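Novice: Show me the folded form of this:
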Amino acid sequence: MKTTTKQTHLYSNTDLRKLLIPIIIEQLLSSLMGTVDTMMVSNVGSAAISAVSLVDSINILVIQALSALAAGGAILCSQYLGSEKRDGAIRSAQQVLFVMTVLSVALSAGCLIFRVPLLRVIFGAVEADVMKNSQVYFLFTLLSFPFIGLYDAGASILRAQNNSSPMVISVISNFMNIGGNAILIFGFHMGVEGAAISTLISRIFCAVVVLWKLRDESKPIFVKQYLSIRPDFGLIKKILFIGIPSGIE
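Specialist: Predicted coordinates for the structure are as follows:
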């Protein structure tokens, strides 16, 4: 006799559809800050517009790479949840946060040290005003890389639990960025620097809120005592193995 087994899934097709649209919107919003900055510095001058546009091309690349790497952690967490291994999912979440913190801080530090030569190599001989504004904008936005990494890690962990709140956080942060730009650019006449500071603050907000939401012990995956997290190289290898190919694609 032919026997059939009923396979159960962690998420239904409806659940996946509910997550898919917020993820798409969230990815668009993550890259929108630079576009908003470009639009709002348009009154400052052409050099400011060019500087923000040029640096934003670097920032978008960083955002996409970190997001892809964090996705590797989300997949691993989902696999453990699907196997009903909550402890494994929590350990994986801790390692995702650890990996993203280390890599994003290292990336930020490297860009900080080589900020000027990096911009000159990538953009070549641009006008002096454009290069000056690029250096200012890049200085503040590269400081946001660790917060982008933490947000991406936390958001991926929340999405692994069928939680779409990262989209709401992204919406709020984008409104914060617009409001901050209006105050710093038009109110305090800070130009490119004001746009960059507003973007930095908005990304700090995203990271803080996501880390706070991860502390909820009633959820399948929660993370507390962040400073006590230590590397588990076995899990880190799995996260990188899944995440790096996604970033290359």
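
Novice: List the buried residues for stretch 42-52?
Specialist: Using 16 or more other Cβ atoms under 10 Å as the burial criterion, the residues of stretch 42-52 that qualify are Val44, Ala47, Ala48, Ile49, Ser50, Ala51, Val52. C-beta here means a position set from N, CA and C on the backbone, and glycine is covered the same way.

Novice: which one of those residues is nearest Met33?
Specialist: Closest approach between those and Met33, by Cβ to Cβ: Val52, at 10.3 Å.

Novice: ok, the closest one to Gln64 distance?
Specialist: Val52 sits 18 Å away from Gln64, going by Cβ to Cβ, to the nearest Å.

Novice: next one: Met39
Specialist: Distance from Met39 to Gln64, by Cβ to Cβ: 21 Å.

Novice: Just the helices from this structure, written as ranges.
Specialist: Applying DSSP state H to the chain gives helices spanning 13-40, 46-82, 86-113, 115-123, 128-142, 145-160, 165-181, 191-213, 233-248.

Novice: For these, could you give me CSV that also reports mean pLDDT and distance to Pro220?
Specialist: What follows is the helices of the chain, written out as CSV (pLDDT from 0 to 100; distance: least, Cβ to Cβ, whole Å):
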stretch, mean pLDDT, distance to Pro220
helix 13-40, 71, 14
helix 46-82, 90, 6
helix 86-113, 96, 6
helix 115-123, 92, 41
helix 128-142, 95, 34
helix 145-160, 94, 9
helix 165-181, 92, 14
helix 191-213, 96, 13
helix 233-248, 80, 17
